[in-house]
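Trainee: Got a predicted structure here, sequence first:
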Amino acid sequence: MSLAFLRNDPHGRPLVTFVLTVLLLVVFGAGQGALLSPAVVRSTLETFGDTGLVALGLGLTMVIREFDLSVVGVFSVGGCIAVLTGNTDPWTGLLLALALGMIAGLAQGWLIVRLRLGSIGITLGGMLVLSGLAYVLSENRSLPYDNMQVALALTQPIAGVFSIRSLLTLAFFVVAALVVGTTRIGRDLIAIGSDRRAAMIAGVNVNAIIVGVFAFSGATAALAGVLVSYSLASASPAGLSDVIVPAATAAILGGVSLSGGTGRPLGIAIGMLILGVLHAGLNVLGAPPYAEQIVMGAVLLVVAVADGPLLLRRLGMTKQLIKPGLISGAHRNG
Amino acid sequence: MNGLLRSPSPLVVLRTIAVAALALISVLTPGFFSEPSLLSLATTVSFIGCVAVGMTFITISGNIMSFSLGALVGATSMIFILAMNFAGLAFGLAAALVFAALINAAQGLLIGAVRANPIIISIAATGLIYGVAEALAAQGAVYPTVGVHWGSGKLVDLPVEFVVLLCSAAVAQFLLSFTVFGRHLLMTGSSLAAAEVIGVRTWRTVTSAYLWAGLFSGLAGIMLAIRYGSASMTYGIGYEYNAMAAVLVGGTSIKGGEGSALRTLIGAIVIAVVEAVLLLWGFRQEWQFFIAGVIVLAVVALQTQGKRD
């Protein structure tokens, strides 16, 4: 692996971060020695299965320089609907939740395209409506799911470290990576995120792609909500910090920039694995639950600052590194 | 566009109809105009209103919204009680306001100086505030060891909280309309690049906007702590969403560069009246997020419609 690969390949930086995180935890956990056990690998993959799908959908909206806040609401309401309607047949719950997530995504994408609006305003409304729906459906309690067989099947270890949940999430990432890496859609995504007007002039169907990405983001968020609720055998409304913080952190760690146009699905997967290792590591080291919340918040803060278009200039580094268009543009991401 | 005779824009018509309809529904709702109902309305609107007045600065600065103001309200209420227990009321007030202003100004500095994404910074700050608060005060709520209350709790027949809100909105509007900071803020919000070109140091303006937002939200935290005689991180939960809805209903553009604190005040009153009416009609508390969401969606969609005409 040459240095050029690390610099030029979109997966280079996330990989380096991943290796550094593992090394850091090995150094910190040297006394315990339990860090590189199968249990840690399994826990990492379970975290990956928890929010990986949300990170993938949200990350793709960030690639086209939008931001889907509504994933929190879709995640919550997806879980609640699945648990309420899927007691006898889990597939019914899954399908209803998926349909709702996709419709929510389509509707928001359509509004964004039709009204030529920033995604933050529309998805803020979407998030509140959908989270609100989850609160109303659940009456702000935890909804129980009685079909324990489903819960057991979903979390049953496969080959020691996997589960249906993490394998399914992995499959989504592989398919997304193939689509983005080998088809025209992938190039269109990057083009729209880098320079929307140029993409439009070059003949990219910008509106269709935007609506499509939001529909995908809605569907993946709903699926994640269903899988988490089924495997926990309960559903309750989730907060911003439960969903957006890990998903956005994973995406940015995975090489997605809030200024759009960069990032790949496999990068997001690596970002998610970094968070998984961090979570498992903190558990092994016996850190209290709030420590993880603080660490996650701090990591997101740091990566957001590192993503800031003016950071290099403020640090007194070369000014040529900053594209003029990015400066005014990134600020108005909404 | 022909001078004085042009018909009012559809947005203005719509807004007038909406307010009139709301007034009519309030009148027709039994129990709405009873004194306890109005008093509780005036108190609720004061907490949300102060946060919304603060949020207005952030929205005008072009940084959309902050998700951390609710967490800040809870944290400030706790700092206030702890500092007051330590060295009295005056110290408590000062410590709480300084805390709220600094926590928010720090976020503003990151956003203004390196142009970090405001939404992400505020979400990260929310997680950090809740996490640190949990680490420091695991027992949940804190209580004052010295008595503190608003005397009779009323000033000229209005709850003290409501008077504080009116004063806050007036101060905020003064800052926006009559100070250099206010002019710089409007310029920064409408075009960052243009503001920089004519010599506005936008990082300062953005940091100040967040500082004021923190101060006004901090007031809400202090008032909550005094009203309930205790403080907890649960106090501010969800306030940011109502505040966002209030800012948008007040007609401040989500794109930044324009807006008014007095209109946000009206927006906050509208939101509070809607929620009070719904509660009286038997809708449970859980509906409040849903309602706020519908209002946000409707206003965001209508804002662009009005502009294009």
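Mentor: Structure received.
Trainee: Spit out the contact partners of the residue nearest to the spatial centre of chain A.
Mentor: Here the mean C-alpha position of chain A is nearest to the C-alpha of residue A:55 (C-alpha atoms, centre = their mean), at a distance of 0.7 Å. Shown in contact with residue A:55 (C-beta atoms under 8 Å, 6 or more residues apart in numbering or on different chains): A:246-248, A:250-251, A:254, A:268, A:271-272. (Glycine included, C-beta is placed from N, CA and C.)
Trainee: just the strands in the stretch 51-200 of chain A please.
Mentor: For the stretch 51-200 of chain A, applying DSSP state E, counting those that start in this stretch gives strands covering A:143-144.
Trainee: Up against chain B, what does it have?
Mentor: Neighbours of chain B within the stretch 51-200 of chain A, by C-beta under 8 Å from any C-beta of the partner chain: A:67, A:69, A:111, A:115-118, A:120-122, A:124-133, A:135-136, A:139-140.
Trainee: are any of the residues you listed buried, and which?
Mentor: Among these, the ones that count as buried by 16 or more other C-beta atoms under 10 Å in any protein chain shown are A:67, A:69, A:111, A:115, A:117-118, A:120-122, A:124-133, A:135-136.
Trainee: Mind putting the contacts of residue A:55 into JSON lines with distance to chain B, neighbour count and secondary structure?
Mentor: Listed next are the contacts of residue A:55 as JSON lines, based on distance: C-beta to the nearest C-beta, whole Å; neighbours: other C-beta atoms under 10 Å in any protein chain shown; DSSP: H, G, I helix; E, B strand; the rest coil:
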{"residue": "A:246", "distance to chain B": "10", "neighbour count": "27", "secondary structure": "helix"}
{"residue": "A:247", "distance to chain B": "10", "neighbour count": "31", "secondary structure": "helix"}
{"residue": "A:248", "distance to chain B": "6", "neighbour count": "30", "secondary structure": "helix"}
{"residue": "A:250", "distance to chain B": "13", "neighbour count": "33", "secondary structure": "helix"}
{"residue": "A:251", "distance to chain B": "10", "neighbour count": "29", "secondary structure": "helix"}
{"residue": "A:254", "distance to chain B": "14", "neighbour count": "30", "secondary structure": "coil"}
{"residue": "A:268", "distance to chain B": "15", "neighbour count": "31", "secondary structure": "helix"}
{"residue": "A:271", "distance to chain B": "14", "neighbour count": "30", "secondary structure": "helix"}
{"residue": "A:272", "distance to chain B": "17", "neighbour count": "33", "secondary structure": "helix"}
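Trainee: Just put the residues you listed in CSV and tack on pLDDT.
Mentor: Putting those into CSV (pLDDT from 0 to 100) gives the following:
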residue, pLDDT
A:246, 93
A:247, 95
A:248, 94
A:250, 94
A:251, 94
A:254, 92
A:268, 95
A:271, 94
A:272, 94
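Trainee: For the nearest residue to residue B:80 once chain neighbours are set aside, list the residues it contacts.
Mentor: What sits nearest to residue B:80 in space, not counting adjacent residues and going by C-beta to C-beta, 6 or more residues apart in numbering or on different chains, is residue B:96, at 3.7 Å. The contact partners of residue B:96, taken as C-beta under 8 Å, 6+ apart, are B:76-77, B:79-80, B:83, B:218, B:221-222.
Trainee: right, and the secondary structure at residue B:31 would be what?
Mentor: Here residue B:31 is recorded as coil under DSSP: H, G, I helix; E, B strand; the rest coil.
Trainee: any idea how far it is from chain A?
Mentor: 23 Å (C-beta to the nearest C-beta, to the nearest Å).
Trainee: Is that residue in contact with residue B:280, as I believe?
Mentor: Yes - assessed by C-beta atoms under 8 Å, residue B:31 is found in contact with residue B:280 at 5.6 Å.
Trainee: Looking at those two, which has the bigger crowd around it?
Mentor: residue B:280 (15 against 9; other C-beta atoms under 10 Å in any protein chain shown).
Trainee: dump the residue contacts of the more buried one.
Mentor: Counting by C-beta under 8 Å, 6+ apart, residue B:280 has contacts B:29-32, B:37.
Trainee: Tell me where the stretch 201-309 of chain B has helices.
Mentor: For the stretch 201-309 of chain B, the helices defined by DSSP state H, counting those that start in this stretch occupy B:202-228, B:239-249, B:261-280, B:287-308.
Trainee: thinking residue A:60 is in contact with residue A:219, fair?
Mentor: No - in terms of C-beta under 8 Å, residue A:60 does not count as a neighbour of residue A:219; the distance is 11.4 Å.
Trainee: Give me every residue in the stretch 101-250 of chain B lying close to chain A.
Mentor: B:110, B:113-117, B:119-121, B:123-128, B:130-132, B:134-135, B:191-193, B:241, B:244-245.
Trainee: Can you list phi and psi of residue A:237 for me?
Mentor: Phi and psi for residue A:237, reported as degrees, to the nearest 10, are phi -60, psi 130.
Trainee: tally of neighbours for it?
Mentor: 27.
Trainee: From residue A:117, how far off is it?
Mentor: Distance of residue A:237 to residue A:117, given as C-beta to C-beta, to the nearest Å: 26 Å.
Trainee: same question, residue A:242
Mentor: Distance, residue A:242 to residue A:117, by C-beta to C-beta: 27 Å.
Trainee: Same question for residue A:315.
Mentor: In terms of C-beta to C-beta, residue A:315 sits 34 Å off from residue A:117.
Trainee: same question, residue B:25
Mentor: Taking C-beta to C-beta, one finds residue B:25 at 29 Å from residue A:117.
Trainee: Chain neighbours aside, what residue packs nearest to residue B:233?
Mentor: Per C-beta to C-beta, 6+ apart, closest to residue B:233 is residue B:74, 4.1 Å.
Trainee: element containing that neighbour?
Mentor: Residue B:74 is located in helix B:69-114, with elements delineated by DSSP states H and E.
Trainee: Which SSE is immediately downstream of that helix?
Mentor: Using DSSP H and E, the first helix or strand after helix B:69-114 is helix B:118-136.
Trainee: Can you give me the buried ones in that following helix?
Mentor: For helix B:118-136, by 16+ other C-beta under 10 Å, it's B:118-134.
Trainee: Select the helix or strand of the chain having the lowest average pLDDT value.
Mentor: Just going to use chain A. helix A:324-331 (a mean of 42; mean pLDDT, DSSP states H and E).
Trainee: let's do chain B instead
Mentor: Each helix and strand of chain B was given a mean pLDDT (mean pLDDT, DSSP H and E); the minimum falls on strand B:154-155 at a mean of 66.
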